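Peer 1: pasting a predicted model and its sequence here:
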Amino acid sequence: MTIALRPAGTDEEDRVIALVSELTAEVVQEAPPLVVSRRATDDGPVAVPALDEVLDRVRDLWLRRLSPADRLAVHVAALHRSPRPTPVSAAVIACRLAADCGHPVQLPEFTSMTCGTVKPGRRGVWSAEVGTRPYGIGQIGDYGSIRAANAAVWDTIETNRETVRARMRAASPLLAGVAGRAWEEPQVSVWATAEQRDSDDPDLVTMHQIAHRARVSVTRADRWRAEFPAFPSPEPGTSVWFWPLVRRWLTDTGRTPADGFAADRPVLPRELGY
C-alpha cells in the first residue's frame, strides 16, 4: 500500500514545492548547513541543523532570481501582511527597490525621519535636535520650554516623513500603498528631570521663538531688544523671555503681524499616526 506524504495539490502548489526544493538543494550544495547541536540517542546520533540560516540563504537566492519589479512587489506584499506599523527602514528599502524599476524617490537622511533629542542648553534654553550626529539635520533651534522643543522635533520629523510620503505616492501605486500605511513612531528622547518637566512653562520663549511668532528675522527681533529700553527683560540669569510681556510690547508698539502671531509648532506627539 502506498501512503501519500502530502495531498495532491494544484499545479501552482506543485511548482512552488518544486521551486523551494530546487533552491534548497542549490544553497546546501554551495555550503553545507550549519550544525548547532549534536546529541546521542538510542537510535543513533542526531544533528540539529541551523534551518533558519538555510532558509535565509534560500530567500536570498530566490530574491536574486526575481526581476526588480517582482522584488518590489514581494517586499510591499510582506509589509501589507504585517499587522504592525511599517518601519521607516522598510519604507526606504521599498523606495530603493522602486528606483531599480525606474521610479527613483529622493530621500532625506535616514535618521532625520526616525529620531530626535531635546537637551537642556545654556541659560535656561532647551535645544531641539533631529537625527544622529554626524548625520541628520542636527540642531533645529533653541526653545524656552521643553514642550516647545519637543513639538519642534516631532514636527520636523513628521514634515520629512510627509515629504517622502508625497514623493512615494507620485512615484508608483505600490509605493503609494506603503505611504498610506502607519509607520513606526520616531524615537524622541527628552533629557529632563521630573522636576524640570513639572516646572516647564510654555510661556517662556527664546529670541528664536519671538522672531518666528512676530514673523520677522531673528536679527530684527534682537535689534528691538537692543534698541528699545522698554522691550521686556529676559528672566534673571537666562536667555528666555516671558511671552505675554513680549506680546503686549509688540501690540502696544504696533508690531503685531498682519496675519497674527504665528504658532511655534503644531502639537504632534501621540496625535498623529506614523
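Peer 2: Happy to help now that I have it.

Peer 1: and the strands in this structure, which stretches?
Peer 2: Using DSSP state E, the strands of the chain run over 35-41, 44-49, 115-120, 126-130, 138-143, 187-190, 204-205, 241-242.

Peer 1: looking at those strands, which is nearest to Ala78?
Peer 2: Across those, Ala78 has its closest neighbour in strand 187-190 (23.3 Å, C-beta to C-beta). For every residue, glycine as well, the C-beta is placed using N, CA and C.

Peer 1: for the closest one, which positions count as buried?
Peer 2: Neighbour-count burial for strand 187-190, with 16 or more other C-beta atoms under 10 Å as criterion, is recorded at Val188, Val190.

Peer 1: just checking: what are the partner strands of that strand?
Peer 2: Under the criterion DSSP bridges, strand 187-190 sits next to strand 115-120 (parallel) in its sheet.

Peer 1: hmm, back to that, let's have the strands of the chain in a markdown table, adding distance to Arg15 and mean pLDDT.
Peer 2: Putting the strands of the chain into a markdown table (distance: least, C-beta to C-beta, whole Å; pLDDT from 0 to 100) gives the following:
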| stretch | distance to Arg15 | mean pLDDT |
| --- | --- | --- |
| strand 35-41 | 31 | 78 |
| strand 44-49 | 26 | 78 |
| strand 115-120 | 44 | 94 |
| strand 126-130 | 49 | 92 |
| strand 138-143 | 52 | 86 |
| strand 187-190 | 43 | 94 |
| strand 204-205 | 66 | 94 |
| strand 241-242 | 72 | 96 |
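
Peer 1: what would the ones you listed look like in CSV with distance to Ala166?
Peer 2: Formatted as CSV, those follow (distance: least, C-beta to C-beta, whole Å):
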stretch, distance to Ala166
strand 35-41, 47
strand 44-49, 47
strand 115-120, 21
strand 126-130, 19
strand 138-143, 21
strand 187-190, 23
strand 204-205, 31
strand 241-242, 37
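
Peer 1: closest to Glu26 out of those?
Peer 2: Checking the strands of the chain against Glu26 by C-beta to C-beta gives strand 44-49 as the closest, at 16.1 Å.
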